[in-house]
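Student: One predicted model, sequence on top.
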Amino acid sequence: MSPPARTNTVRLVFLGAAGVGKSALIHRFLHDSFERKYTRTVDEFHVLEYAVTGSGGKVRLEILDTSGINKWV
């Protein structure tokens, strides 16, 4: 019996001032499209899992999109 597949976790936190395009960059990466309308972000958390070919392992990608407004920090 083979050992269970190992999952490595990678966490990305996007920090920066409000309105600079953090959410737009993440949206482009996740959906391969660009959202032109500005919508203020409070906090968003995205999780994706990818299989690693050959090793049978997995990579879990966690993306935290922060607001950039000190009020929410």
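Tutor: Nice, I can see it. In this text the structure is predicted, and so the values were computed from the model without any measurement.

Student: Run through the helices of this protein in chain order.
Tutor: With helices called from DSSP state H, the chain shows them at 22-31.

Student: Give me the nearest residue to the residue nearest the centre of it, chain neighbours excluded.
Tutor: Nearest to the geometric centre of the chain sits residue 63, at 2.4 Å (Cα atoms, centre = their mean). The shortest distance from residue 63 to any residue other than its chain neighbours is 4.3 Å, reached at residue 46 (Cβ to Cβ, 6 or more residues apart in numbering). Where you see a C-beta, it was placed from the backbone N, CA and C, and this is true even at glycine.

Student: quick one: the one you found and residue 31 touch, right?
Tutor: No - assessed by Cβ atoms under 8 Å, residue 46 is found out of contact with residue 31, at 10.5 Å.

Student: So for these two, which sits in the more crowded spot?
Tutor: Shown here are residue 46 and residue 31; by other Cβ atoms under 10 Å, residue 46 has more neighbours (14 against 9).

Student: Tell me the spacing between that one and residue 18.
Tutor: From residue 46 across to residue 18, the span is 19 Å (Cβ to Cβ, to the nearest Å).

Student: I'd assumed residue 9 was in contact with residue 57.
Tutor: No - using Cβ under 8 Å as the test, residue 57 is too far from residue 9 to be in contact (11.5 Å).

Student: Counting neighbours, go ahead and name the busier of these two.
Tutor: A count of neighbours by other Cβ under 10 Å puts residue 57 above the other of residue 57 and residue 9, at 14 against 11.

Student: And that one, how far from residue 11?
Tutor: 17 Å.

Student: Kindly report the same for residue 5.
Tutor: 20 Å.
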